[in-house]
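Q: Prediction below, plus the sequence it came from.
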Number of protein chains: 2
Amino acid sequence: MAEAARLGESARGRTGANPNVGCLIVRDDAIVGRGATATGGRPHAEAVALADAGPAARDATLFTTLEPCAHRSERGPTCARLIAEARVARVVIALKDPDPRTNGAGIAMLRDAGVTVKTGIGKRGAGQSLSGYLTRLRLGRPRVTLKLALSIDGKIALPSGESKWITGEDARAHVHLERSHSDMILVGRGTFLADQPKLDVRLPGLEQWSPRRALLTRGGPVEGWEILSSPLDVHRLHDVNDLLVEGGSATATAFLAADLVDRILIYRAPILVGEGKSSFGYIGLDAIADSHGRWRIGDGARLGIDRLEVYERVRD
Amino acid sequence: MAEAARLGESARGRTGANPNVGCLIVRDDAIVGRGATATGGRPHAEAVALADAGPAARDATLFTTLEPCAHRSERGPTCARLIAEARVARVVIALKDPDPRTNGAGIAMLRDAGVTVKTGIGKRGAGQSLSGYLTRLRLGRPRVTLKLALSIDGKIALPSGESKWITGEDARAHVHLERSHSDMILVGRGTFLADQPKLDVRLPGLEQWSPRRALLTRGGPVEGWEILSSPLDVHRLHDVNDLLVEGGSATATAFLAADLVDRILIYRAPILVGEGKSSFGYIGLDAIADSHGRWRIGDGARLGIDRLEVYERVRD
């Protein structure tokens, strides 16, 4: 299932409103089929993996990170039906699909067709790769990731505004990788005017994965950019699973004050800045005690001389 | 040698001007003697380990984190002589003692007495536990460790000054452990007046290891506190290997601006503060490029919900 989650993760940011599922078909201890949701959302991971396996899918075990779909579409038969027709013997599912059109109906269809179904295996890894999709189904908006490059003492720039470069090349390459797995990137008006950022993916081979660009501004339209006039506008982004907020400080503060951040990526450089620009302004905190229990430390990593810190919003 | 370094580390902050050495005696694959420099600095680790081993030291191998001393003292014979007299067959030394009274003379004495000597084994671990002593010999002052409890965004308090508690219990217990291994703790006048801190060690069983207390102030004497009128006064602390600077912001800034910090311990809480007090003021940085290459990420650790980040000053 870890390999299925990896396949699903590779499709993150590229499947539109569809979930970025990963699927693996195993027969006689050998992998006979692999699939991830295709770019744009179709075909689904299971259909891709079944096509990859061909006749070898018969009597095999299919691993998928999300319950196969049960709702018909004019774009083809449901995955539950495809799996049954391929005579797969056993399906292992990490997570049930909360989409009300499936939500258990895919499992029921498989069982009715005589397929053995097991659920709940590898939930954590699958949940992480599908976090954008699951957030959208649960909260009606994309998963919002806030990205910051910070010094040890939490500064984003010198008093002059100079911020190039707080982090090193490895950390900056990781940002581009994260961009390539986002559906949309957002910056504030100030960053737009100061940097005219392209926000594209500048990693060899990944250039075509540059995501849609959005601007947080109360001003008028800008060619090539989608406009959000308030952080609350994320609720109308129905085909965005993963939104990456890249700056600046006012934009980050607005998203945090509205409690619309689900994940924070800190690229922490081993430098001290001292007097300089802080990452955020007033985010609504009036007592230290109220700050606790909201964020949990996720998986970090060394990136050259820097360190990636991941924090996840705790929502019970 | 890792075990010898662990023994030496247990004596850190308790050996006065003497190095906190660790020593292990092994014969026939069994540990027959253990020693660490005693409280106050005497007896030395080798003498303690030899007394522990008794006749079993004969033909054994002795591991020590620092070259045995060769300079006579009215407080007893040199360790090099004691080892030779115990008929130890082989001595393994992590680091040569830079003290000009020994500096190779201990090794020469051992070899002259027919003892086999090997050096340079386990240098890194031994160097870390002896870092305070080595810093004092090299730079003529204690190793200065700066300790801070910070939020993700690098704040030490709310705008009101409220800072209790940024970190959790595990992190605060770790601070007390670090105190118990320091010879002296220093705070600034502001922290002294605001908090009247006791700076004692409040861990069960370690209360007696509360270090000496120092105050950074241009004012007059305060009972029970040693006075430093400037960070540069660390150069007259000849019997302090490890100095822990605990705050506040002005004191930390003064030590950093004078480049008198060798190690930074950040207790990083998974909280966002936003508008609040920054850790440091102007520390002399006028361009981001100048900030790089000064600090290296050391060994971190999870401490309950918080994370310890260790940074070490790079001095070539």
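A: Sure, I can see it. Numbers count the residues shown, from 1 in each chain, chains lettered A, B, ... in the order given.

Q: can you count the residues close to residue A:303?
A: Neighbours of residue A:303 under the rule other C-beta atoms under 10 Å in any protein chain shown: 20. Backbone N, C-alpha and C define where each C-beta goes, glycine included.

Q: actually residue A:287, not the one I wrote
A: Residue A:287 has 9 neighbours, counted by other C-beta under 10 Å.

Q: all strands for the stretch 1-150 of chain A, in order.
A: A:22-27, A:30-36, A:61-66, A:90-95, A:116-119, A:143-150 (DSSP state E, counting those that start in this stretch).

Q: And the contacts of the first one?
A: Right, the one you point to is strand A:22-27. Applying C-beta atoms under 8 Å, 6 or more residues apart in numbering or on different chains, the contact partners of strand A:22-27 are A:1, A:3-11, A:31-36, A:45-46, A:48-50, A:52-53, A:56-57, A:59-65, A:88, A:126, A:129.

Q: got the CA positions of that strand in CSV?
A: What follows is strand A:22-27 as a C-alpha-only set of coordinates in CSV (Å, rounded to 0.1, in the frame of the first residue of the first chain):
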residue,chain,number,x,y,z
GLY,A,22,-2.6,5.2,-6.5
CYS,A,23,-3.3,1.6,-7.5
LEU,A,24,-1.2,-1.6,-7.6
ILE,A,25,-2.1,-5.1,-8.8
VAL,A,26,-0.2,-8.1,-7.4
ARG,A,27,-0.4,-11.7,-8.5
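
Q: in chain A, what residue is nearest chain B?
A: residue A:154 (1.7 Å; C-beta to the nearest C-beta).

Q: give the contact list for that residue.
A: Contact analysis of residue A:154 by C-beta under 8 Å, 6+ apart lists A:278-279, B:150-155, B:278-279.

Q: so what does the longest helix along chain A touch, helix or strand wise?
A: Secondary structure of chain A per DSSP state H: the longest helix is helix A:169-180. In terms of contacts (3 or more C-beta pairs under 8 Å, 6 or more residues apart in numbering or on different chains; DSSP states H and E), helix A:169-180 is packed against strand A:143-150, strand A:263-268, strand A:301-303, strand A:306-313.

Q: Spatially nearest residue to residue A:211, not counting backbone neighbours?
A: Leaving aside its chain neighbours, residue A:211 sits nearest to residue A:182 (4.8 Å; criterion: C-beta to C-beta, 6 or more residues apart in numbering or on different chains).

Q: What pLDDT is listed against that neighbour?
A: We note a pLDDT of 96 for residue A:182 in this prediction.

Q: Can you name the residues of the stretch 151-300 of chain A that neighbour chain B?
A: For the stretch 151-300 of chain A, the residues in contact with chain B (C-beta under 8 Å from any C-beta of the partner chain) are A:151-155, A:158, A:162-166, A:253, A:256, A:264, A:266, A:268-275, A:278-288, A:291-292, A:294-297.

Q: And the contacts of the longest helix of chain A?
A: A:13, A:145, A:147, A:149, A:165, A:185, A:199-203, A:206, A:209-211, A:244, A:265, A:267, A:269, A:303-306, A:308.

Q: Kindly report the same for stretch A:290-299.
A: A:263-264, A:285, A:309-314, B:151-152, B:269-273, B:302, B:305, B:307.

Q: Around chain B, pick out the residues from the stretch 1-150 of chain A.
A: Residues of the stretch 1-150 of chain A lying near chain B by C-beta under 8 Å from any C-beta: residue A:150.

Q: Can you tell me which of the contacts of residue A:154 is nearest residue A:78?
A: Of all these, residue B:152 has the smallest distance to residue A:78: 43.8 Å, by C-beta to C-beta.

Q: got the phi/psi numbers for the closest one?
A: Torsion angles at residue B:152 (phi, psi; degrees, to the nearest 10) stand at phi -50, psi -40.

Q: repeat for the one 3 residues further on
A: Dihedral angles of residue B:155 (phi, psi; degrees, to the nearest 10) stand at phi -90, psi 150.

Q: got the contact list for it?
A: A:154, A:278, B:273-274, B:276-279.

Q: Select, from those, the two members most distant in space.
A: Spanning the widest gap among those are B:274 and B:279, at 14.8 Å by C-beta to C-beta.

Q: Wasn't residue A:208 part of a strand?
A: No: going by DSSP: H, G, I helix; E, B strand; the rest coil, the assignment for residue A:208 is helix, not a strand.

Q: That one: neighbour count?
A: Neighbours of residue A:208 under the rule other C-beta under 10 Å: 10.

Q: Next one, pLDDT for it please.
A: Residue A:208 is assigned 78 on the pLDDT scale.

Q: Which of the helices and strands packed on helix A:169-180 sits closest to residue A:219?
A: Across the helices and strands packed on helix A:169-180, the minimum distance to residue A:219, taken as C-beta to C-beta, is reached by strand A:143-150, at 21.7 Å.

Q: by contact count, what packs against that closest one?
A: Counting contacts by 3+ C-beta pairs under 8 Å, 6+ apart, strand A:143-150 packs against helix A:131-139, strand A:155-157, helix A:169-180, strand A:242-247, helix A:249-257, strand A:263-268.

Q: in the stretch 201-316 of chain A, what spans have low per-residue confidence?
A: Within the stretch 201-316 of chain A, no range satisfies pLDDT under 70.

Q: Likewise for the stretch 1-150 of chain A?
A: For the stretch 1-150 of chain A (pLDDT under 70), the answer is none.

Q: Is it correct that residue A:264 is in contact with residue B:152?
A: Yes: here residue A:264 lies in contact with residue B:152, judged by C-beta atoms under 8 Å, at a distance of 7.0 Å.

Q: Now list whatever residues contact both of the two.
A: Joint contacts of residue A:264 and residue B:152 (C-beta under 8 Å, 6+ apart) are A:295, A:309, A:311.

Q: Just put these in a markdown table and tack on distance to residue A:76.
A: Shown next, in a markdown table, are the shared contacts of residue A:264 and residue B:152 (distance: C-beta to C-beta, whole Å):
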| residue | distance to residue A:76 |
| --- | --- |
| A:295 | 41 |
| A:309 | 42 |
| A:311 | 40 |
